[in-house]
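> Got a sequence here, can you build the structure:
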Amino acid sequence: MRGGAESYLRQPRYLKTAGRVDRAARRSGMRYAIVGGIAVNWYSNPPPTADIDIAVEPDEKKLGAFLAELRSEGVVETGRTMMLQDIADIVLRDPRTRLTVELLSGWAPTHLSAISSAVRVRVGRYSFRVASVEDVITTKAMAYFDRWKRKDIAAVQELLLKYEGRLNYQKMSEVMRNEGRHGQFRLILAASRRGKEGRH
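Numbering: from 1, shown residues only. Alright, predicted model coming up:
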């Protein structure tokens with residue numbers, strides 16, 4: 001179930017921070033999508049996560065306005081780094097909820113797809129944009145290829161299994177082809193199918 005009762009995005013502290021991010025994005029005109037572990041948690045039930053990852057448009061003017069609006073919401077920048085694929089990682093903190101927010105801004109095809117296909121969801125009086133399940137799968141696959149962490153591939157495998165037959169495989173393949181990782185992604189899909197067959 002998407003956004004089930006166990007989803008962190010239904011917990012008050014996550015809702016409040018996600019709501020602040022969304023208000024700042026609307027006021028600044030910034031398009032975004034919640035990605036990473038918190039997005040996996042929206043669609044499934046992975047281990048706890050302590051932050052909210054947000055893919056944002058690679059638009060410097062909008063990014064400046066977005067950061068200003070976040071400051072007006074009380075969410076403050078604590079640092080910046082440059083990651084792989086020229087993705088800027090801007091780390092922020094919401095002191096009222098004690099949550100870390102990471103803004104990922106760059107031209108990575110997985111992030112651009114996540115932003116363009118994000119789904120607006122409503123939980124009570126809060127509203128925010130979560131990446132589609134296909135985009136959560138491809139962004140986590142790229143995270144795995146970049147840092148080789150078991151939790152990333154475990155999340156990909158769990159989502160592939162849970163949503164099998166309901167996924168847009170063509171879209172995922174196209175995004176991964178644009179990332180130059182189509183061959184590796186096909187191996188993940190094949191392994192997922194073999195794993196399912198082994199359970200029967």
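> So in terms of bridging, what pairs with the residue nearest the centre of the chain?
Closest residue to the average C-alpha location of the chain: Val35 at 0.5 Å, with C-alpha atoms, centre = their mean. Beta-bridge partners recorded for Val35 (DSSP bridges): Asp53.
> where's it relative to Leu160, distance?
17 Å (C-beta to C-beta, to the nearest Å). In this view, the C-beta of every residue, glycine as well, is placed from N, C-alpha and C.
> Same check on Trp107?
26 Å.
> Comparing these two, which shows the higher neighbour count?
Taking other C-beta atoms under 10 Å, Trp107 and Leu160 do not tie; Leu160 has more neighbours (22 against 10).
> Which residues are in contact with Gly19?
Each residue near Gly19 by C-beta atoms under 8 Å, 6 or more residues apart in numbering is listed here: Arg125, Tyr126, Ser127, Phe128.
> That should have said Lys16, apologies.
Asp94, Arg96, Thr97, Tyr126.
> Quick one: buried ones out of the residues you listed?
Asp94, Thr97, Tyr126 (16 or more other C-beta atoms under 10 Å).
> low-confidence ranges in the protein?
By pLDDT under 70, the low-scoring segments of the chain are 1-6, 46-48, 82-87, 195-200.
> Please enumerate the strands of it.
32-35, 51-56, 76-82, 88-94, 99-105, 119-123, 126-130 (DSSP state E).
> which helices and strands does the fifth one pack with?
What that stands for is strand 99-105. Judged by 3 or more C-beta pairs under 8 Å, 6 or more residues apart in numbering; DSSP states H and E, strand 99-105 is in contact with helix 12-28, strand 51-56, helix 60-72, strand 88-94.
> Using a markdown table, please lay out the contacts of Lys16 together with distance to Glu57.
Listed next are the contacts of Lys16 as a markdown table, based on distance: C-beta to C-beta, whole Å:
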| residue | distance to Glu57 |
| --- | --- |
| Asp94 | 21 |
| Arg96 | 26 |
| Thr97 | 24 |
| Tyr126 | 22 |
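> neighbours around the residue nearest to Leu70 when sequence neighbours are not counted, how many?
What sits nearest to Leu70 in space, not counting adjacent residues and going by C-beta to C-beta, 6 or more residues apart in numbering, is Ala24, at 4.5 Å. For Ala24, the count of nearby residues is 21 (other C-beta under 10 Å).
> now Arg80
10.
> quick one: contacts for it?
Contacts of Arg80 (C-beta under 8 Å, 6+ apart): Ala88, Asp89, Ile90, Val91.
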